[in-house]
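Q: Build me a model:
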Amino acid sequence: MLSVQPQDVAPSPVPETAPVDAEQAEAALVEHYPRFVRLAYLVLPPALGRHRRVLTAHALAQRSLPTGRRAEEDTLPSPRRGDSCDDGYAYVRGRVLRAALAAARPRRWAGRPRRGQLPPLLPQVWGLQLYPHCGGADELALDQRLAALSGPARAAYVLRGLEQLDDPTILRVLDDARVDDPEAALDEADTALAQYELLESAEFDPCSLLARPTDLVRRRWRGRAALAATVAALVCGTLLALPDGGWGADGAAAPPYTLNAAAEQALKPDKLLRVAPADWKTSARTDFSVWPARGNRAHDSALLRRALAVWARPGESVQVSTTPGTPAGPPMGAAQLLYAGTVDQASVVLLYDGLRVVRYAEPKKGHGDPALDFARVDNADEAGSDAVVLGRTDGNVRYLTAPWVQKAAVRDLIDPAAGTVALHRSADGVTDPVPSPALARTCTSWETVELRDSTATRMLTDLGELTPARLTSGPPADPHDVSTPADRASWQHTACLLPTVRSHGVRTVNSWQFASQQLPESNGTARWLCTRADTWRGTGSRVLAQFQPPGAKAAMPGAVAARAENTAACGDREPQVLAGVLWKSRGGHWFVLAAGSPQFASLATTGGVTGSAEGHLLAVPAEQGAQAQLNGRLADGTEVGALR
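A: Now for the predicted structure:
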């Protein structure tokens, strides 16, 4: 059961410094190497990326030993509180911390980068990307909170949680590490939720790694290109003379193979279905099937032929992506053209075959690799057909909006009181660039798009796929678009949990406050929310139950009390949900808190904590670390367990 508690700090004496013994430092490095690397990894700026953070953390730990007379001149940080930390350990820890903080400082304008800000010479890994093991939503949320802190504040948080130092000792260690204002760093660290036990998880262990290859297709292509360099030099003049900057008739498509007559007809640009601009106004349907053909290259037969040929038989250089459950085969018949035009630095074609939206993109200039993206959109209604992603560049995303969309605006979910900013669209319905939260490294804001038509205003967000996800609020039996201040307030602490459902073919995400609970000992009112992400394929749903204590900062997500996949809970078929947490009051007392949706008539907990309550709320005194089993009974007598 999840443990939620406030920060607890106790003072401890600060010992004096001592000379450094080189052999003692070497022994400490060998014995505690994984801990030093974890410390460096947590303090390094997340903007480096996980692979480079791993290598840099190892490099900093390996360069931490004293050299020459330098060891005699260095002063020692204080030992850790409550353990047998010796002088060698404290010295190496100080060196690692100092180097990691130097790498975390902002680059100086027109100045040389510091050593830690450069890619490490050693260790190096060729052909592989290394990542720590992925944790859960709690670890992801903690990583995002640490990313929002400054380097010294991250160091203070890690020293308190990982090294278990008290505040006076932390101030001393930060001062030894040449932090300008240690007290300010400690105050900033206090703003992050005290989930110190998560620092020991595999998510932050750069010594236990997953290895994945870099782009194998691109490496293979480059190898063949290097071997054929002489031939390429002889024919490059001919290639440049070809139309469209060197693309052949079929572009990056694989060699042709025998197709049936219907499939052959589907590859002809003149057979593409084109809807007239005003047909959607009189159609009985309002979905992708009535989108008109738009774009400044809608009649470029060469571009359309390449897009259709690559769709039918993508070559080895084509980067193909599909949402889960989406077939990637060729069209069964003539497809419908939605858009063909230039988007930033790419030529883009959008096609629709009744089941899928397909996006083909090739560089506007040069010979880069084309991309082919598939997204399943069967049974799309008006809300599900409001927009499609045209392209992503420099952390931004452009959408192509439906012809019935009248206005577009941008709203930050994390700052609901800020209002909306108008989003300009071209005559073809292409929006200006919008910051994509799916591509952001931190969660300091979450930009959504609000699209208004004659009947409703809908909120959409980019989750890294071809079709944006629709955000809704309210009970599962009657969800509605996010439109009221209360709806936006419920999403404020939920937005930063959306990365947990990224790239899963999500169609809608509903956030529902199913309970409000007065906390024991007058600690305020907590909220319980259920967030359910449903997919286009129907299966693969993800459900999170959140506990949101009072006073949480805007970008801080709620604590995930329970999670489940492929479940009907918190949905239209089974709207009930039950979850609980182990919580510590400001007075230092522990309680098992539980809440169910209004369908519950009573709750009970057994195991390490025994108690019951009438209604759908429960609070039972408990001991720290207690394990309890939670269940409830509906009004009709049906017993239901906690979400899992």
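Q: Can you classify residue 97 by secondary structure?
A: The three-state label given to residue 97 by DSSP: H, G, I helix; E, B strand; the rest coil is helix.
Q: What distance do you get for it to residue 190?
A: 19 Å (C-beta to C-beta, to the nearest Å). Backbone N, C-alpha and C define where each C-beta goes, glycine included.
Q: Residue 292 too?
A: For residue 292, the distance to residue 190 equals 56 Å [C-beta to C-beta].
Q: which of those two has more neighbours?
A: Legend: neighbour count by other C-beta atoms under 10 Å for residue 292 and residue 190, higher for residue 292 (20 against 15).
Q: Surely that one and residue 403 touch.
A: Yes: if you go by C-beta atoms under 8 Å, residue 292 and residue 403 touch, sitting 6.0 Å apart.
Q: list the residues that contact both of those two?
A: 277, 280 (C-beta atoms under 8 Å, 6 or more residues apart in numbering).
Q: if I look at residue 465, how far off is residue 129?
A: 22 Å.
Q: just residue 480 next, same as before
A: As judged by C-beta to C-beta, residue 480 and residue 129 stand 42 Å apart.
Q: How about residue 532?
A: 32 Å.
Q: okay, now residue 325: neighbour count?
A: 14.
Q: quick one, phi psi at it?
A: For residue 325, the backbone dihedrals (degrees, to the nearest 10) come out as phi 80, psi 10.
Q: ok, now which ones touch it?
A: When contacts are counted by C-beta under 8 Å, 6+ apart, residue 325 touches 376, 505, 535, 536, 537, 539, 540.
Q: where along the stretch 401-550 of the chain do the strands fall?
A: Along the stretch 401-550 of the chain, counting by DSSP state E, counting those that start in this stretch, strands occupy 407-412, 420-422, 434-435, 447-452, 457-461, 469-473, 480-481, 506-518, 525-535, 542-548.
Q: Same question for the stretch 1-150 of the chain.
A: 3-4, 128-132.
Q: Lowest average confidence across those, which one?
A: Mean pLDDT is lowest for strand 3-4 out of those, coming in at a mean of 51.
Q: ok, the nearest residue to residue 473 once chain neighbours are set aside to residue 416 distance?
A: Distances taken as C-beta to C-beta, 6 or more residues apart in numbering place residue 487 nearest to residue 473, at 4.0 Å, with adjacent residues excluded. According to C-beta to C-beta, residue 487 stands 9 Å off from residue 416.
Q: circling back: give me the more crowded residue out of residue 480 and residue 129.
A: Legend: neighbour count by other C-beta under 10 Å for residue 480 and residue 129, higher for residue 129 (17 against 13).
Q: Name the residues linked to that one by a beta bridge.
A: residue 212 (DSSP bridges).
Q: Okay, helices next: where are they in this protein?
A: 22-43, 50-62, 70-73, 87-104, 137-148, 151-161, 167-176, 182-189, 216-227, 229-241, 261-266, 301-312, 485-492 (DSSP state H).
Q: Of all the ones you listed, which one comes closest to residue 318?
A: Distance to residue 318, taken as C-beta to C-beta, is lowest for helix 301-312 among the helices of the chain, at 5.8 Å.
Q: for the closest one, packing partners?
A: When contacts are defined as 3 or more C-beta pairs under 8 Å, 6 or more residues apart in numbering; DSSP states H and E, helix 301-312 packs onto helix 261-266, strand 336-343, strand 346-352, strand 356-363.
Q: ok, the residue lying closest to residue 468 once chain neighbours are set aside - contacts?
A: Nearest residue to residue 468 in three dimensions, chain neighbours excluded: residue 460, at 4.0 Å (C-beta to C-beta, 6+ apart). Counting by C-beta under 8 Å, 6+ apart, residue 460 makes contact with 386, 387, 448, 449, 450, 451, 468, 469, 470, 471.
Q: roughly how far apart are residue 460 and residue 399?
A: Residue 460 is 8 Å from residue 399, by C-beta to C-beta.
Q: Same question for residue 361.
A: Using C-beta to C-beta, one gets 15 Å for the distance from residue 361 to residue 399.
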